[in-house]
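Trainee: Just the structure for this:
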Amino acid sequence: MDLLTMSGISKAFSGVPVLRGVDLRVGRGEVHALLGENGAGKSTLMNILTGSYTADAGTVTFDGVDITGASIKAVEKAGIAFVHQELNLFNDLLAYENIFLGQEETGPVFSLKKKSMIAKARELFERLGVDIDPTALVADLKQSQKQLLEISRALFFNAKLLILDEPTTALNTAEVEHLFEIVRNLRDQGTSFIFISHKMPEIFELCDTYTVLRNGSFVGQGRIAETTPREVTGLMVGATISERGAWEPRETGEVVLSLDHYSGPGFDDVSLEVRRGQVIGLTGLMGCGSTELMQCLFGITHATGGTAEVLGKRLHGGSIHEAMKAGVAMLPSDRKENSVVPDMSLLENMYLSEHVLSARSFAISKSKEEERFDHYKKLLSIKANSSADSVLSLSGGNQQKVFMARWLNTDAELLLFDNPTQGIDVGAKAEIYHLILELARGGKTVIINTLEIPELREVADVCYVLYEGRVVKRLDHDQIDEQTVMLYSTNSVSDDVSPETNE
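Mentor: Have a look, this model is predicted:
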């Protein structure tokens, strides 16, 4: 018998259907992938399961008990825990205090049994193989430790089903493998998981079964071992994705960026040239130095050696404003931490950088900014109802387009995109690739940093592989493939790489 059965689930908001008779079944002791593009209905379905929303129709049965319409507390008591992508931890509390929050052990006169709670938290961490000090301040923990703390908290109160929403977004390769090891061990002990992710390699490595939603409807389910990433992607987007994207050779112009033995925190001795209209890829294992190189070019950190020139003018480094004035823009990898201004509207999020750069007047012409917003909304196909809406009302892919518009609005010549498709769905990724290529055809110069080799195949004219902060290989577009990149990323082979250009 299945642990979870959701049958015929329907839900509408303001008369607009978002779920149409959806079915979901999760077995005992299995990892079940819930797949679909942003807006497919995954979040709404999970919010119904966990008691945040009430379904308009359908039933929910968990562990043999009908929990249709149950409250959040009742669902938690039944044994369902939701580990959100945006973790629900209190940074100013200790690790063990987060675990026992709201369910503290008390003694005489309501005194807290701190030693007992610390001991139990330590025992839990040791049993799960989690390297966390129970008395550590959560603010001081790494992102991977926070993720594992959230999971530990759920398991401490005997969760039978854990919902993991994009749990690997901020983790490096070793941390992902550690998380997967813990999930497999718990699965083998009978715990079930719903795994929500846009990363196909992870889904096919970890999951046993899958369900696909599209536009609020159930479109397919089955066993992972009996399908392929291509077939699953086809179900998600409703069309076959071509093996090759729209990349094609194009004419390039003058040198926009020139690095000569450029060094800084996390990278060393990088020499390359990037021309107008080129798309250059940077890749390697997590921590290889590619993100640090971008951050230094954008003035977040100071260079320690060598030179960097943009359109013939030297960057002195250490100043974001200097980089922006030189025509450099950067889209950081962590939207939530470094791009989203949640208290501002879409319009304000879009024009923020341009006004910081120009500081042309204290007055902002709303009509002119609305014209610019409408221009970029059409150019980038941003799906939004009104420029006055909150940026948080948009899907991840559309948020990313707004932040692209933010930088295009500054007329930047060199666009640094650090993992631009992180946490967005397959269809939105394809749109981002198309936009990058269109920007290049229009004369912009783009450097994209990504760990996903298929992305480089979609857009990059040239790819530089980094290992421990140094460029170890330059690959032309036709040379970019998973095996070759991995060989150089792991230093399994090496070339004598002298400073090269893209000419």
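
Trainee: Please pull out the lowest mean pLDDT helix or strand from this protein.
Mentor: helix 335-338 (a mean of 59; mean pLDDT, DSSP states H and E).

Trainee: how far out from the middle of the chain is stretch 276-294?
Mentor: Stretch 276-294 sits 17 Å away from the centroid of its parent chain (C-alpha atoms, centre = their mean, to the nearest Å).

Trainee: hey, C-alpha coordinates of it in CSV?
Mentor: Taking C-alpha atoms only, stretch 276-294 is exported to CSV below (Å, rounded to 0.1, in the frame of the first residue of the first chain):
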residue,chain,number,x,y,z
ARG,A,276,32.4,42.0,-29.0
GLY,A,277,29.6,39.6,-29.8
GLN,A,278,31.3,36.6,-28.2
VAL,A,279,29.8,34.2,-25.6
ILE,A,280,32.6,32.8,-23.4
GLY,A,281,32.0,30.0,-21.0
LEU,A,282,33.8,29.4,-17.7
THR,A,283,33.5,26.1,-15.9
GLY,A,284,35.1,23.6,-13.6
LEU,A,285,34.3,22.0,-10.3
MET,A,286,32.7,24.0,-7.5
GLY,A,287,35.4,26.3,-6.0
CYS,A,288,37.5,26.2,-9.2
GLY,A,289,37.8,30.0,-9.1
SER,A,290,35.5,31.0,-12.0
THR,A,291,33.0,32.8,-9.7
GLU,A,292,35.8,34.6,-7.9
LEU,A,293,37.2,35.7,-11.3
MET,A,294,33.8,37.3,-12.2
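
Trainee: Tell me which residues of it come out buried.
Mentor: 276-285, 288-294 (16 or more other C-beta atoms under 10 Å). Any C-beta I mention is one placed from the backbone N, CA and C, and that applies to glycine too.

Trainee: Okay, and which of these map to strands?
Mentor: Val279, Ile280, Gly281, Leu282, Thr283 (DSSP state E).

Trainee: right, and the fourth one touches Glu455 too?
Mentor: In other words, Leu282. No. In this structure, Leu282 is not within contact of Glu455 by C-beta atoms under 8 Å, at 11.2 Å.

Trainee: which neighbours do the two share?
Mentor: Residues touching both Leu282 and Glu455 (C-beta atoms under 8 Å, 6 or more residues apart in numbering): Ile448.

Trainee: Next up, the contacts around the closest residue to Met404 other than its chain neighbours.
Mentor: In space, Met404 comes closest to Leu380 once its chain neighbours are excluded; the distance is 6.1 Å by C-beta to C-beta, 6 or more residues apart in numbering. Leu380 sits next to Lys401, Met404, Ala405, Leu435 when contact means C-beta under 8 Å, 6+ apart.

Trainee: From Glu248, how far out is Met286?
Mentor: Using C-beta to C-beta, to the nearest Å, we find Met286 at a distance of 31 Å from Glu248.

Trainee: Can you point out the buried residues in the host helix or strand of Leu186?
Mentor: Secondary structure from DSSP states H and E places Leu186 in helix 173-188. Buried residues in helix 173-188, counted by 16+ other C-beta under 10 Å: Glu175, Val176, His178, Leu179, Phe180, Ile182, Val183, Leu186, Arg187.

Trainee: I'd like the residues you listed written out as CSV, with pLDDT added.
Mentor: Converted to CSV, the buried residues of helix 173-188 look like this (pLDDT from 0 to 100):
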residue, pLDDT
Glu175, 80
Val176, 84
His178, 85
Leu179, 87
Phe180, 92
Ile182, 89
Val183, 92
Leu186, 91
Arg187, 95
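
Trainee: Ala78: which of these is nearest?
Mentor: Nearest to Ala78 among the buried residues of helix 173-188 is Leu186, at 17.8 Å by C-beta to C-beta.

Trainee: tell me which element the nearest residue to the closest one once chain neighbours are set aside is part of?
Mentor: Counting by C-beta to C-beta, 6+ apart, Leu155 is the residue found nearest to Leu186 once chain neighbours are left out, at 7.2 Å. Leu155 belongs to helix 143-156 when assigned by DSSP H and E.

Trainee: hmm, who's touching that helix?
Mentor: Residues contacting helix 143-156 (C-beta under 8 Å, 6+ apart): 81, 83, 87-89, 95, 98-99, 120-121, 124-125, 128, 130-132, 138, 141, 162, 164, 167, 170-172, 175, 178-179, 182, 186, 191.

Trainee: average pLDDT for the helix or strand just after that helix?
Mentor: Proceeding N to C from helix 143-156, the next assigned helix or strand is strand 161-165, under DSSP H and E. In this model, strand 161-165 has a mean pLDDT of 93.

Trainee: what helices or strands is strand 161-165 leaning on?
Mentor: helix 42-49, strand 80-83, helix 143-156, strand 192-196 (3 or more C-beta pairs under 8 Å, 6 or more residues apart in numbering; DSSP states H and E).

Trainee: Could you tell me the least trusted of these?
Mentor: helix 143-156 has the lowest average pLDDT among these, namely a mean of 84.

Trainee: how about low-confidence regions in the stretch 351-500 of the chain?
Mentor: The stretch 351-500 of the chain contains residues with pLDDT under 70 at 352-366, 423, 425, 493-500.

Trainee: for it, what spans make up the strands?
Mentor: Counting by DSSP state E, counting those that start in this stretch, the stretch 351-500 of the chain has strands at residues 414-418, 445-449, 462-467, 470-476.

Trainee: Buried deepest among these, which one?
Mentor: The highest mean neighbour count among the strands of the stretch 351-500 of the chain, using mean count of other C-beta atoms under 10 Å, belongs to strand 445-449: a mean of 26.

Trainee: can you state the direction angle for it and strand 462-467?
Mentor: If you take axes from the mean of the first three to the mean of the last three C-alpha atoms, to 10 degrees, strand 445-449 sits at 30 degrees to strand 462-467.

Trainee: Residues in contact with strand 445-449: which ones?
Mentor: Contacts of strand 445-449 (C-beta under 8 Å, 6+ apart): 256-257, 274-283, 290-291, 294, 333, 413-420, 436, 439-440, 455-456, 459-460.

Trainee: Any figure for the gap between Glu251 and Arg441?
Mentor: For Glu251, the distance to Arg441 (C-beta to C-beta) stands at 9 Å.

Trainee: So for those two, which sits in the more crowded spot?
Mentor: When neighbours are counted by other C-beta atoms under 10 Å, Glu251 and Arg441 differ, and Arg441 comes out ahead with 14 against 8.

Trainee: Next up, the contacts around the more buried one.
Mentor: Per C-beta under 8 Å, 6+ apart, neighbours of Arg441: Arg250, Gly277.

Trainee: elements contacting the one helix or strand Ile118 maps to?
Mentor: Taking DSSP H and E as the definition, Ile118 sits inside helix 114-128. Packed against helix 114-128 by the contact rule (3+ C-beta pairs under 8 Å, 6+ apart) you find helix 95-99, helix 143-156, helix 173-188.
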